[in-house]
Structure formats: C-alpha cells, structure tokens
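Engineer: I would like the atomic coordinates for the input below:
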Amino acid sequence: ALVVGSLLFSNCKIDERSRIEQAVVLPDVHIGKGCIVRRAIIDENCEIPDGMQIGVDLVRDRERFLVTEKGVVLVTADMLRAA
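Structural biologist: Next up is the predicted model:
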C-alpha cells in the first residue's frame, strides 16, 4: 500500500496494492486490496471493499457518497451499505 499526504487514525488496516492520497481515515477502518482513495474523509468503522475507487470519479461518487463543493468525498458506513 502507498499512503501520501494523509492522516490515519488508530487501528486502520490498509491492504496491499491500495493507494491513499490526501485523505483522512478515522479509527477502525479497513481498506481492502487494490483500492484508490483520494481527497476523502473515511468515517470510523468503515469497510472499503476490494477494488473500490473513491475520489477518482466525482460524478459517480455523488451517486453514493457526499461530495463537497471543493471535491472532498465523505464516506460513512451507512453510505457504503447503501452503495
């Protein structure tokens, strides 16, 4: 995994081949294999499935998550379950 310009809180697990850029990852988050997370805030207790891309396609992100005017994606566990 590669983490660049990001803040990871306690008990975060990031699996192989994942890339985290300019993100805040709150406690107890698991990011699966081969994920991309850019300019995002991942709420605590989230389980990001293998291969998920967040912050790459903001049009698609708006369909399932909250995207701010400045393009930061907010992801909660409830949003992931509904996606």
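
Engineer: so Gly5 is in contact with Val24, correct?
Structural biologist: No. Using C-beta atoms under 8 Å as the test, Gly5 is too far from Val24 to be in contact (10.5 Å). Yep, even glycine has a C-beta here, placed from its N, CA and C like the rest.

Engineer: more neighbours: the two, which one.
Structural biologist: Using other C-beta atoms under 10 Å, the more surrounded residue of Gly5 and Val24 is Val24, with 17 against 9.

Engineer: please, which helix or strand holds the residue of the chain most remote from its centre?
Structural biologist: If you look at how far each residue of the chain sits from its centre, by C-alpha atoms, centre = their mean, the farthest one is Glu69, at 17.6 Å. Glu69 belongs to no helix or strand when assigned by DSSP states H and E.

Engineer: any idea of the pLDDT on it?
Structural biologist: At Glu69, the model reports a pLDDT of 96.

Engineer: show me where the protein has its helices.
Structural biologist: 58-64, 77-82 (DSSP state H).

Engineer: show me what the first one is packed up against.
Structural biologist: Packed against helix 58-64, as judged by 3 or more C-beta pairs under 8 Å, 6 or more residues apart in numbering; DSSP states H and E, are no other helices or strands.

Engineer: contacts for it, please.
Structural biologist: 54-55, 67, 71, 73, 79, 82-83 (C-beta atoms under 8 Å, 6 or more residues apart in numbering).

Engineer: swap in 6 Å and give it another go.
Structural biologist: 67, 71, 73, 83 (C-beta atoms under 6 Å, 6 or more residues apart in numbering).

Engineer: could you tell me how many residues sit around the first one?
Structural biologist: Same thing as Val67. 19.

Engineer: mind listing the residues bridging to it?
Structural biologist: Using DSSP bridges, the beta-bridge partners of Val67 come out as Val73.

Engineer: cool, thanks, talk later.
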